[in-house]
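sequence and computational prediction follow.
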Amino acid sequence: MVHNAQYDSRSIWIVSEDGLWDLCIGLLLFGIGITITINQLIWLVGIFVLAYFLVLMAGKETVTRPRMINFEIQETQLRKFTLTAVIDIFILILIMAISAMMFVKFDGVLTSGFLDEYAILILGVFAAILFIQFGILLTGGVRFFVYSGLVLFAFTMSYIQSVPVVPIIYSIGAIFTIIGLIYFVSFVLRYPRSGRQGDKKT
């Protein structure tokens, strides 16, 4: 178990049993769906801020941190997580950028024909890679492998069958959100608060 206080802040991000990652991803999917539906990028930006700062970051600090005594996080896990987080952030930026370019038509800006045709598949592949990494790095992250397969299958079928992608995005977002809420309630009830806030340095 990591006892050095400097690792406390990073350790909370590796715990997935709190369901906060699921909730954050679910909200981001809703943001992408709304952006596509109403053709307004500001909704994606706004929901991203809401999901990251008010749900994920605030939740990790107020709910997960006081319960970290219940988890054993190895220093090697933290090193791998820190390195992979850079890759994940890049993938997330790509997902959001592709979503904006493909489904939000800016005046005077032409989108690429290749991206227009294969946007759904590209989004599915990037999302699947992101979930696989979550499954490898996070504690109790096995369900993220299922998420990866679900997203890749759904987006591939949407492309092959020419099914509108928005209902699929909303449906997957709802699944993630519901599972996240179940995990969150279970986490709060199962793991007691230790009363120890730990070091908050990053």
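Here it is on my side, so go on.

contact partners for the residue nearest in space to the middle of the chain?
Nearest to the geometric centre of the chain sits Ile25, at 3.5 Å (C-alpha atoms, centre = their mean). Applying C-beta atoms under 8 Å, 6 or more residues apart in numbering, one finds that Ile25 lies in contact with 147, 173, 176, 180. In short, each C-beta sits where N, CA and C put it, glycine included.

so which strand or helix has it?
Remark: Ile25 resides in helix 20-38, with elements defined by DSSP states H and E.

with just CA atoms, put that helix into CSV.
Output of helix 20-38 as CSV, limited to C-alpha atoms (Å, rounded to 0.1, in the frame of the first residue of the first chain):
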residue,chain,number,x,y,z
LEU,A,20,-17.4,8.6,-10.8
TRP,A,21,-15.6,7.7,-14.0
ASP,A,22,-18.7,6.0,-15.3
LEU,A,23,-20.8,9.1,-14.4
CYS,A,24,-18.3,11.4,-16.0
ILE,A,25,-18.2,9.4,-19.2
GLY,A,26,-22.0,9.1,-19.3
LEU,A,27,-22.4,12.8,-19.0
LEU,A,28,-19.8,13.4,-21.8
LEU,A,29,-21.7,11.1,-24.1
PHE,A,30,-24.9,13.1,-23.4
GLY,A,31,-22.9,16.2,-24.2
ILE,A,32,-21.8,14.8,-27.5
GLY,A,33,-25.3,13.7,-28.3
ILE,A,34,-26.8,17.1,-27.5
THR,A,35,-24.1,18.8,-29.5
ILE,A,36,-25.0,16.7,-32.5
THR,A,37,-28.7,17.2,-32.1
ILE,A,38,-28.8,21.0,-31.7
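
coming back round to it: and of the contacts of Ile25, the nearest to Val49?
Gly173 (16.8 Å; C-beta to C-beta).

confidence score at the closest one?
As predicted, Gly173 sits at a pLDDT of 94.

that one sits in which helix or strand?
Per DSSP H and E: helix 165-190 holds Gly173.

distance between the worst-scoring helix or strand of the chain on mean pLDDT and the chain's centre?
The helix or strand of the chain with the lowest confidence, counting by mean pLDDT, DSSP states H and E, is helix 75-103 at a mean of 75. How far helix 75-103 lies from its chain's middle: 9 Å, per C-alpha atoms, centre = their mean, to the nearest Å.

next: stretch 13-33.
The answer for stretch 13-33 is 4 Å, by C-alpha atoms, centre = their mean.

quick one: average pLDDT of it?
Here the average pLDDT along stretch 13-33 is 93.
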